[in-house]
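Engineer: Okay, sequence plus prediction incoming.
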Amino acid sequence: MSEAVKESGYTVVLTERRLVAEGTMAFYFDKPAQFVFTPGQFVDLTLLQPSETDAAGDTRAFSIASAPQESTLMVATRLRDTAFKRELQRMPLGSTVRMEGPFGKLVLHTDQTRLAVFLAGGIGITPFRSIVVQAAMQRSPHLMVLFYSNRRPEDAPFLDELQVLQDTNPHYRFVGTMTEPQKSSRVWQGETGYINAALLSKHLVNVEKPIYYVVGPPGMVGALRTMLKGAGIDDLDIRTEKFAGY
């Protein structure tokens, strides 16, 4: 078990890894009994005695993609060709890493009278998976709409799971959109194109009323913030997190 707590955090055991989309892998770790987090937060993972390293070092930040009520801790990442990610892919199951955290304030607002709208691109889905899975497990009355953009269905981590959650949580809706569905081997019957003001207006009754959460590559996050402000959304109702270098 990975119950050891050090001054620098927890020592956790890698128990499983699983491809969750083309070029994207999920890593599962034993969850220490003392570890408590809020959906949307992240942790720092540090490799212990890696066989190789690079100028970026042996520590990376990962959003927690699992929900607090799930039995293991799970993070997911694009499989870029870096020393850290090569090591994470090849280290034997049962290996340990150091975990510090949780950190971050991209958590769900407490006012359940206000709709939460999540705008995610690619691997930016990870904190939102934690939030919506936890809401389903808790039978939360909080109203949520998740807009999720990818090039193709094959590139979208957790796509099927996020769609099916609508069947178990009547307060949650999923809107997937693909920018290059013609390049997919799967039939896609959802939305196409990028997340924009027209797409939001199509699926939201009052675009200016919700609180918006935006996670994805820096360019996407910046463009969506500009779009939301142009649609009359107050800056205080836009909460963002940029995922760079994944």
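Structural biologist: Nice, thanks for sending it over.
Engineer: out of all of them, which strand in this protein is the longest?
Structural biologist: strand 9-21 (DSSP state E).
Engineer: Now the element after that strand, going C-ward?
Structural biologist: Moving toward the C-terminus from strand 9-21, the next helix or strand (DSSP states H and E) is strand 24-30.
Engineer: ok, the helix or strand following that next one: who's next to it in the sheet?
Structural biologist: Heading C-terminal from strand 24-30, the first helix or strand you meet, by DSSP H and E, is strand 42-47. Strand 42-47 has the following sheet partners, assigned by DSSP bridges: strand 59-63 (antiparallel), strand 96-103 (antiparallel).
Engineer: Okay, now the unreliable bits of the chain?
Structural biologist: 1-8, 244-246 (pLDDT under 70).
Engineer: Which parts of it are helices?
Structural biologist: 83-90, 126-138, 159-168, 197-203, 218-230 (DSSP state H).
Engineer: about what we covered before: which positions within the longest strand of the chain qualify as buried?
Structural biologist: Going by neighbour count (16 or more other Cβ atoms under 10 Å), the buried part of strand 9-21 is 9-15, 17, 20-21. No exception for glycine: its C-beta is placed from N, CA and C like everyone else's.
Engineer: Looking at the residues you listed, which one is closest to Ile64?
Structural biologist: Distance to Ile64, by Cβ to Cβ, is smallest for Val12 among those, at 11.8 Å.
Engineer: how far away is Gln49 from Arg98?
Structural biologist: 11 Å (Cβ to Cβ, to the nearest Å).
Engineer: Quick one: residues contacting the residue of the chain most remote from its centre.
Structural biologist: In the chain, the greatest distance from the average C-alpha position (Cα atoms, centre = their mean) is reached by Ser51, at 28.3 Å. Applying Cβ atoms under 8 Å, 6 or more residues apart in numbering, we find Ser51 in contact with Glu87.
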